[in-house]
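Please work out how this folds:
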Amino acid sequence: MLAGLDIAGVPRVRDFFLVDRTCYIVMDLVQGHNLEQEMESQGHPLPPQRAVELLLPILDILRELHRREPPLVHRDVKPANIVLDQKGRVWLVDFGLVATYTGVARTRVGTLGYAPWEQMEGQAEPRSDLYAVGASFVHLLVGQPPAPLQCPPLRDILPEIDPALAVIVDKATAQRMDSRWPSAEDFAAALRAG
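Purely as a prediction, here's the structure:
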């Protein structure tokens, strides 16, 4: 599945092999630092415009993953899995939990704070990745991971945040899937317009 991906911002799988019933994957090396390290190096949360600049490419990547047939769900989008390379390009890494979305229950996986309820119940689907992007926004803007399984309204945490951005992020982190952005493309369009 991963070997067939050719998406800008996703490391290419070059080879894979088995040794003693363990599968190894050879992927392109992305040299740089992740967004958690970016915040640590700055010593404070990121400004809203910088967070938007860094997460828009992730939504573009997710748009391509979710458009595949069947859709691919990353299931572990978070600042630690978003890498800024030495040329300033944004990459989504760690595809160890990626799965096709078929509507059938799967294992409960993900990182607390970034995984929504349905994912913790084994029902991850494309909008689950959008929740994770919204939770990543919260982390980048506040400077710490969001609470597990619920993101409070952004203005409750950051009263000074632009209300339009808060509405966009809050829609992404809605508890109910049908209250979230319907697609990565819609989420990105709202950010670009706002």
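
Show which residues not belonging to the one helix or strand residue 49 maps to make contact with it.
Using DSSP states H and E, residue 49 sits within helix 48-67. For helix 48-67, contacts defined as CB atoms under 8 Å, 6 or more residues apart in numbering pick out 5, 7-10, 35, 38, 46, 71-74, 77, 82, 84, 89-90, 92, 98, 126, 129-130, 133, 136-137, 140-141, 161-162, 165, 183-185, 187-188, 191-192. No exception for glycine: its C-beta is placed from N, CA and C like everyone else's.

Mind checking what helix or strand follows the least confident helix or strand in the chain by mean pLDDT in sequence?
Ranked by mean pLDDT, DSSP states H and E, the weakest helix or strand in the chain is strand 99-100, scoring a mean of 69. Remark: after strand 99-100, the chain's next helix or strand is helix 117-120, criterion DSSP H and E.

distance between the helix or strand just after that following helix and the chain's centre?
For helix 117-120, the succeeding helix or strand toward the C-terminus, using DSSP H and E, is helix 126-142. How far helix 126-142 lies from its chain's middle: 6 Å, per CA atoms, centre = their mean, to the nearest Å.

quick one, helix 126-142 and helix 48-67 angle?
170 degrees (axes from the mean of the first three to the mean of the last three CA atoms, to 10 degrees).

Check which helices and strands helix 126-142 is in contact with.
Under the contact criterion of 3 or more CB pairs under 8 Å, 6 or more residues apart in numbering; DSSP states H and E, helix 126-142 touches helix 35-42, helix 48-67, strand 72-73, helix 117-120, helix 154-157, helix 163-172, helix 184-193.

Can you list the buried residues in the first one?
In this case it means helix 35-42. For helix 35-42, a neighbour-count test (16 or more other CB atoms under 10 Å) marks 35-36, 38-39 as buried.

so residue 17, which of the three states?
The local conformation at residue 17, judged by DSSP: H, G, I helix; E, B strand; the rest coil, is strand.

burial of it, as a residue count?
Using other CB atoms under 10 Å, residue 17 has 9 other residues around it.

now swap in residue 64 and tell me
16.

element containing the residue sitting nearest the centre point of the chain?
In the chain, the C-alpha closest to the average C-alpha coordinate belongs to residue 77, at a distance of 2.9 Å (CA atoms, centre = their mean). Under DSSP H and E, no helix or strand contains residue 77.

Quick one, grab the pLDDT at it.
For residue 77, the pLDDT comes out at 97.

Thanks a lot, catch you later.
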